[in-house]
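Chemist: Make a model of this:
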Amino acid sequence: MRDQIITCLILFCGFLAVKNAFIACQATNKNKILTGKADYILIKKKDRIMQAYRGEALLKEYKISLGFSPLGPKTVEGDGKTPEGIYEIVWKNPRSAYHLSLKISYPNEEDLKRARDLGQSPGGDIFIHGIGTGVERGALKSYSEMDWTLGCIAVNNDEIEELFSSVQVGTKVEIIP
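Modeler: The predicted structure follows:
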């Protein structure tokens, strides 16, 4: 009888371990570390979320801050808006004032036309970047509650380190409203 109870306990513990592992796999991936290479980044402005993908597999999701006037697409230089459209990473800056940064290919042809029709400059220098050198790690919690960039996409310094090592020049970036 004792052996049967021990066997049942072992099986039950095994069941709980498998169940907990399954639940952990189904849970959000916000806290997991990004491993491997991402080939696509989706930025959802309304939700303040950036997602890194490899193929169709979601690798990681990040909470983000945007330009100080985030509604609508970036139209002209200085409008404080984060662009909307399809871009790519064109440069990885290891000496950024914002810890590390990934330059986005803004403006694209559509952005140029929109600004030209208004007789203005579309601006440029749109990056995915950290909070900044010398800022306490993890400090984005307070920063993510407001949009504070000039049109860029900001994550905390630990997160930009992850992205910087995972993303290559040429990675597609899609920014949607």
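
Chemist: Neighbours of residue 94, how many?
Modeler: 8 (other CB atoms under 10 Å). From N, CA and C alone the C-beta is placed, and that goes for glycine too.

Chemist: Could you report the separation of it from residue 146?
Modeler: Distance, residue 94 to residue 146, using CB to CB, to the nearest Å: 27 Å.

Chemist: what does residue 65 give?
Modeler: 7 Å.

Chemist: neighbour-wise, which of those two wins?
Modeler: residue 65 (22 against 9).

Chemist: Not counting its neighbours along the chain, what's nearest the more buried one?
Modeler: Among residues not flanking residue 65 along the chain, residue 154 sits closest, at 4.3 Å (CB to CB, 6 or more residues apart in numbering).

Chemist: check contacts around the nearest residue to residue 46 once chain neighbours are set aside.
Modeler: Distances taken as CB to CB, 6+ apart place residue 177 nearest to residue 46, at 5.8 Å, with adjacent residues excluded. The contact partners of residue 177, by CB atoms under 8 Å, 6 or more residues apart in numbering, come to 45, 46, 72, 73, 84.

Chemist: Taking those, please make a ChimeraX selection of just the buried ones.
Modeler: Only the buried members of the contacts of residue 177 enter the following ChimeraX selection, criterion being 16 or more other CB atoms under 10 Å:
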select :45,73,84
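
Chemist: Fine, thanks again, bye for now.
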